[in-house]
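1. Sequence first, predicted coordinates after that:
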Amino acid sequence: MNELFVDTNVFLRFLTEDIPKQAQVVEHILQHAATGEITLSTSAFVMAEIIWTLQSYYELSREEVRDKVLAILNTPGLKVENANMIALAMAVCVDKNIDFIDAYNTLWMGENDLDQVVTFDTKHLSRVEGIRAKTPEEVLSAISD
């Protein structure tokens, strides 16, 4: 039982304290992780689900969500898949006023030497420097020429 995967709802109980008894239990688990008694791990998908839930269900601002996500990422004894990219994506999300997943994807594109995206959401994705957003119609037209 040295390493445990942490699910979305555990983080949400702690971050929102909407069920105080559960939040307190989670706090104790995090304290055990901080002392090295256990190691906790979670995935980028869990982080995405946390972000989506905090924004849509709890109606927190991007800035409030960013602060909570950074708190998770800086939790001693917790390993988060792609933590650096998640932190950067939260900064892009707030700075460019775009969804977290879009921000994450633009960073992923950069890491994979891609600078063009085909999307119907050209308005938001074009806000990120170095990204050229094209509609499917534009791509089809360029292929047909």
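-> The structure has been received and is ready for your questions.
2. List the contacts of the helix or strand of the chain with the lowest mean pLDDT.
-> Of all helical and strand segments in the chain, the minimum by mean pLDDT, DSSP states H and E falls on helix 122-125, at a mean of 88. Outside helix 122-125, the residues within contact range by Cβ atoms under 8 Å, 6 or more residues apart in numbering are 96, 97, 98, 99, 102, 106, 117, 119, 131, 133, 134, 135. No exception for glycine: its C-beta is placed from N, CA and C like everyone else's.
3. quick check: domain ranges of this structure?
-> Following automatic domain parsing, one gets these domains for the chain: 1-81, 98-145.
4. Could you tell me the least trusted of those domains?
-> Least confidently modelled of those is domain 98-145, at a mean of 93 by mean pLDDT.
5. Any idea how far apart the tips of it sit?
-> Taking Cα to Cα, to the nearest Å, the first and last residues of domain 98-145 lie 32 Å apart.
6. re earlier: so for the least confident helix or strand of the chain, what gets flagged as buried?
-> Buried residues in helix 122-125, counted by 16 or more other Cβ atoms under 10 Å: 122, 124, 125.
7. what element comes up after that helix heading to the C-terminus?
-> Once the chain leaves helix 122-125, the next helix or strand it forms, by DSSP states H and E, is strand 132-134.
8. That next one: what's the following helix or strand?
-> The element immediately downstream of strand 132-134 (helix or strand, assigned by DSSP H and E) is helix 136-144.
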